[in-house]
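What follows is a protein structure lacking sequence information:
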């Protein structure tokens, strides 16, 4: 998923505009079409940001919000990008409302993993997707959000900084911490108790 | 002298190819000689690749079911177009007798006063009666909405026009298929579904017009 999507402007007559037009007109299957096209990506984002337990309600909130705001979509970006930004903001709001852990993405990881890097302690070269999802759920909110936006969703540090209101350097630092912590969790073969995403 | 700590803090940027030339040379030189740091670099690259496998996740069906319920449109604020209302009543009555569509209980977003037809194909006479009802409704809705099209936003009007053109093409194809084989159930379903879709879009058009104050465009 390229972050270049965010720069794309939808031209008149683009299917995104037609779909939004049909949604706004109340065409029965238009909003369902919009949901089917975009829900999986946004659900993946929500699961990784807030955890599976809250992601279903959050996904409903995302699409309800989109439903209310469709008249604000003018085709300045792709519909997917517009929805993604909306979803990201709602996910971040949810994290902020959940507690003090996400007061700042500059949250420090105090117990930095010790880097040994011996051959026997290295990752095998292939990381199981479910193991990675579980380990991801173990990260502090701040660096998990940066990891998801950068490594999973493909955004650049400048874009992440803009979304989160942080400096590029902070985004880079959080990404490094996230990767090092993930490496540590995966090497230790931990199976976190938190429900998988 | 470059220490492991100096290098490790740059390893994420190194695997992202996000270091300037001098720093990259420094890190690369150290990795050639340090098994520990080169192991970490390999792991970070592995992680980076693995992250790309974390794609979309299909939400459970209940999410959409709940969403469909919560996005049911409210009744129109004002009664516009008596003809459209009458059409809705006629169609509601028609659906009470004749029910179409092979689909199951898939939720859909409803618009206006007409329920989306469900259930199985109707016997011949009822099927023809239902087609007549659809055509009556379409005619009435077209007559009612045509003089008011100027009240729609140009982009929306163009989109609706495009949708209706596509539906008309589907109707023509389905009619031809039914003419060729009047007993073909898929052709009959296709025709009735296309007509129903046209009613729905015209109803949606009427609803939007009813929500748009005069002189708003």
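The structure has been received and is ready for your questions. Predicted model only: the values in this text are computed from it and were never measured.

For the helix or strand hosting residue B:38, buried residues please.
Assigned by DSSP states H and E, residue B:38 belongs to helix B:35-51. For helix B:35-51, a neighbour-count test (16 or more other Cβ atoms under 10 Å in any protein chain shown) marks B:36-48, B:50-51 as buried. For the C-beta atoms, the positions are set from N, CA and C on the backbone; glycine is no exception.

Which strands or helices does that helix pack on?
When contacts are defined as 3 or more Cβ pairs under 8 Å, 6 or more residues apart in numbering or on different chains; DSSP states H and E, helix B:35-51 packs onto helix A:129-137, helix A:168-188, helix B:4-8, helix B:11-15, helix B:21-33.

Now that helix: average pLDDT?
The pLDDT scores in helix B:35-51 average 93.

Give me the pLDDT for residue 197.
Using chain A. 41.

my bad, the chain I had in mind was chain B
Looking at residue B:197, its pLDDT reads 79.

Please apply the same query to residue B:22.
Residue B:22 is given a pLDDT of 94.

going on from the helix holding residue B:38, what's the next piece of helix or strand?
Following helix B:35-51 in sequence order, the next helix or strand is helix B:61-70 (DSSP H and E).

what helices or strands is that next one leaning on?
The contact analysis (3+ Cβ pairs under 8 Å, 6+ apart) places helix B:61-70 against helix A:30-50, helix A:52-69.

Would you mind finding the most buried of these?
helix A:30-50 (a mean of 22; mean count of other Cβ atoms under 10 Å in any protein chain shown).

for that one, what is the average pLDDT?
Helix A:30-50 shows a mean pLDDT of 95.

Could you list every helix and strand in contact with that helix?
helix A:15-25, helix A:52-69, helix A:79-98, helix A:129-137, helix A:141-147, helix B:61-70.

I'd like the helices and strands packed on helix B:61-70 as CSV, with distance to residue A:85 appended.
Formatted as CSV, the helices and strands packed on helix B:61-70 follow (distance: least, Cβ to Cβ, whole Å):
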stretch, distance to residue A:85
helix A:30-50, 11
helix A:52-69, 11
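
Hey, what's the angle from the helix holding residue B:38 to helix A:168-188? Just curious.
100 degrees (axes from the mean of the first three to the mean of the last three Cα atoms, to 10 degrees).

What angle do helix B:21-33 and helix B:35-51 make with each other?
With the same axes, to 10 degrees as the basis, helix B:35-51 and helix B:21-33 are set at 110 degrees to each other.

now for chain A, which residue lies nearest the mean position of the chain?
Among the residues of chain A, the one closest to the centroid is residue A:45, at 3.8 Å (Cα atoms, centre = their mean).

Wait, that one touches residue A:85, no?
No - using Cβ atoms under 8 Å, residue A:45 is not in contact with residue A:85; the gap is 10.9 Å.

which regions of chain B sit below the pLDDT cut-off?
For chain B, the stretches with pLDDT under 70 are B:1, B:72-124, B:211-217.

Could you chop it up by domain?
Here the domain parsing of chain B from automatic domain parsing is B:4-51, B:77-211.

Okay, now the first one: how far is its last residue from its first?
Criterion Cα to Cα, to the nearest Å; first-to-last residue distance in domain B:4-51 is 26 Å.

Return the distance of residue B:26 relative to residue B:48.
Distance, residue B:26 to residue B:48, by Cβ to Cβ, to the nearest Å: 21 Å.

Oh, that last question was meant for residue A:157, not what I typed.
Plainly put, residue A:157 is 14 Å away from residue B:48 if you go by Cβ to Cβ.

what do you get for residue B:187?
For residue B:187, the distance to residue B:48 - Cβ to Cβ - is 53 Å.

which helices and strands sit right next to the helix or strand bottoming out on mean pLDDT in chain A?
Ranking every helix and strand in chain A by mean pLDDT, DSSP states H and E puts helix A:15-25 at the bottom, with a mean of 86. With contacts defined as 3+ Cβ pairs under 8 Å, 6+ apart, helix A:15-25 has these neighbours: helix A:30-50, helix A:79-98, helix B:154-180, helix B:185-211.

How about residue A:30, nearest residue that isn't a chain neighbour?
residue A:22 (3.6 Å; Cβ to Cβ, 6 or more residues apart in numbering or on different chains).

doesn't residue B:161 make contact with that neighbour?
No - using Cβ under 8 Å, residue A:22 makes no contact with residue B:161, being 11.9 Å away.

re the thing from before, save the domains of chain B as JSON lines, and put in distance to residue A:36 too.
Conversion of those to JSON lines gives the following (distance: least, Cβ to Cβ, whole Å):
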{"stretch": "domain B:4-51", "distance to residue A:36": "25"}
{"stretch": "domain B:77-211", "distance to residue A:36": "11"}
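
Out of those, the one nearest residue B:61 is which?
domain B:77-211 (8.7 Å; Cβ to Cβ).

Counting neighbours, what do you get for the residue nearest to residue A:30?
23 (other Cβ atoms under 10 Å in any protein chain shown).

Quick one: residues contacting it.
A:30, B:159-160, B:163, B:204 (Cβ atoms under 8 Å, 6 or more residues apart in numbering or on different chains).

And the residues you listed, which is closest to residue B:12?
Nearest member of the contacts of residue A:22 to residue B:12, counting by Cβ to Cβ, is residue A:30, at 42.6 Å.

what's the burial count for residue B:56?
Quick note: residue B:56 (other Cβ under 10 Å) scores 15 neighbours.
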